[in-house]
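Enquirer: Sequence unavailable; structure follows:
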């Protein structure tokens, strides 16, 4: 008789993945669903990136690549960190992986022991907590309240750090809120971390290029170079270049961290797909115009969805990054899960309940606007009808 491993007993199925699966099942049955649940760009992968993968495959680059990535891609990643983040890494301080999620999994499995703690700003991407749990650590959520624009306060971080803290996760621009830290705010966080030299830092910068209103982006090792020696800076091609299915993740960190991660890497995925690495290489080299085009369109959608949600009476924080809106649904009197479930059944709109993202998530739902304007307008019409029914 099959018995689930103890390490998985407290691990939940991702709420966004579960909702996406449910939407696919309903669509397969002929039900017309407007999906705002999946955090995936609706743009096609840039044609020149696809052509680069095709050319690589035709040239014979279909065998096992080096486990940490093909050299041309690693060199391009080095240039990207230097150009965009003023961070200088050696080649052996760069690692390519099967998506950025694998990078984080490798890092946690390589470093945490039972009883260690991983600090996660919340609301935050739920995979951080479940990966920590699988690795044997205890997730520690630090609330980032809406009255602070869903940002991490330095004093709250300070209060959460203990001798058992192994990692602090930073994800700004944030999933699910779209919150972005200013350089001054990141400076305050850096000052806290300088006082705790035993703490490692995982900077998930996958939404780095999706910033609006000229707000600006900064990463922790750039803001405070003294933290570079204990920071894992994570990024990837999936969100910025609409390449989710290509699984092109990468990271930079001191060589000792990557060496430990490599031991996990070799016994799980071994390497990222070879052709996908050449697609990511092309995107990093020639994809700036693609990013600008997508960000311009996301910005337009952002303004429409936020205005529409507010117009129907839902308070909605204005996201400055990523491609999510995180409206409050408290005025409806429904819990986040009730709202999401009823909205799907009654109006055929899929959103993710805020409870999927830890503390401070209740009373909100995540709406992804990485979808067409037609879908956004249909979704707003249906959500507005649903809200009117529940509040009258």
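Expert: That came in fine, so what should we check first? These numbers come from a predicted model, not from an experiment.
Enquirer: make it CA atoms for all contacts and neighbour counts henceforth
Expert: Noted.
Enquirer: Show me which positions of the lengthiest helix in the chain end up buried.
Expert: As far as residue count goes, and with DSSP state H defining each element, the longest helix of the chain is helix 288-311. Under the neighbour-count criterion of 16 or more other Cα atoms under 10 Å, helix 288-311 has 290-291, 294-295, 298-299, 301-302, 304-309 buried.
Enquirer: for residue 39, helix, strand, or coil?
Expert: coil (DSSP: H, G, I helix; E, B strand; the rest coil).
Enquirer: and the helix or strand containing residue 54, what other elements does it pack with?
Expert: Following DSSP states H and E, the helix or strand that holds residue 54 is helix 47-58. On a contact count with 3 or more Cα pairs under 8 Å, 6 or more residues apart in numbering; DSSP states H and E, helix 47-58 meets helix 274-286.
Enquirer: tell me which residues in the helix it packs on are buried?
Expert: Buried residues in helix 274-286 (16+ other Cα under 10 Å): 274-284.
Enquirer: Just the pLDDT for residue 359.
Expert: At residue 359, the model reports a pLDDT of 72.
Enquirer: That one: what's it in contact with?
Expert: Counting by Cα atoms under 8 Å, 6 or more residues apart in numbering, residue 359 makes contact with 122-123, 141-143.
Enquirer: and which of the residues you listed is nearest to residue 132?
Expert: Residue 132 lies nearest to residue 141 out of these, by Cα to Cα, at 11.8 Å.
Enquirer: Double-check that residue 2 belongs to a strand.
Expert: No: Residue 2 sits outside any strand when classified using three-state DSSP, being coil.
Enquirer: Most neighbours among the contacts of residue 359, which one?
Expert: Among those, residue 123 has the most neighbours (other Cα atoms under 10 Å), with 28 neighbours.
Enquirer: I'd like to know how far that residue sits from residue 339.
Expert: Separation of residue 123 from residue 339 (Cα to Cα, to the nearest Å): 18 Å.
Enquirer: on that earlier part again, JSON lines for the buried residues of helix 288-311, including distance to residue 332 and pLDDT?
Expert: What follows is the buried residues of helix 288-311, written out as JSON lines (distance: Cα to Cα, whole Å; pLDDT from 0 to 100):
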{"residue": "290", "distance to residue 332": "39", "pLDDT": "97"}
{"residue": "291", "distance to residue 332": "37", "pLDDT": "97"}
{"residue": "294", "distance to residue 332": "33", "pLDDT": "98"}
{"residue": "295", "distance to residue 332": "32", "pLDDT": "97"}
{"residue": "298", "distance to residue 332": "28", "pLDDT": "98"}
{"residue": "299", "distance to residue 332": "28", "pLDDT": "98"}
{"residue": "301", "distance to residue 332": "24", "pLDDT": "98"}
{"residue": "302", "distance to residue 332": "23", "pLDDT": "98"}
{"residue": "304", "distance to residue 332": "21", "pLDDT": "98"}
{"residue": "305", "distance to residue 332": "18", "pLDDT": "98"}
{"residue": "306", "distance to residue 332": "17", "pLDDT": "98"}
{"residue": "307", "distance to residue 332": "18", "pLDDT": "98"}
{"residue": "308", "distance to residue 332": "16", "pLDDT": "98"}
{"residue": "309", "distance to residue 332": "13", "pLDDT": "98"}
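Enquirer: Make JSON lines out of those and add distance to residue 261.
Expert: Conversion of these to JSON lines gives the following (distance: Cα to Cα, whole Å):
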{"residue": "290", "distance to residue 261": "32"}
{"residue": "291", "distance to residue 261": "30"}
{"residue": "294", "distance to residue 261": "33"}
{"residue": "295", "distance to residue 261": "33"}
{"residue": "298", "distance to residue 261": "35"}
{"residue": "299", "distance to residue 261": "36"}
{"residue": "301", "distance to residue 261": "38"}
{"residue": "302", "distance to residue 261": "37"}
{"residue": "304", "distance to residue 261": "42"}
{"residue": "305", "distance to residue 261": "40"}
{"residue": "306", "distance to residue 261": "40"}
{"residue": "307", "distance to residue 261": "44"}
{"residue": "308", "distance to residue 261": "45"}
{"residue": "309", "distance to residue 261": "43"}
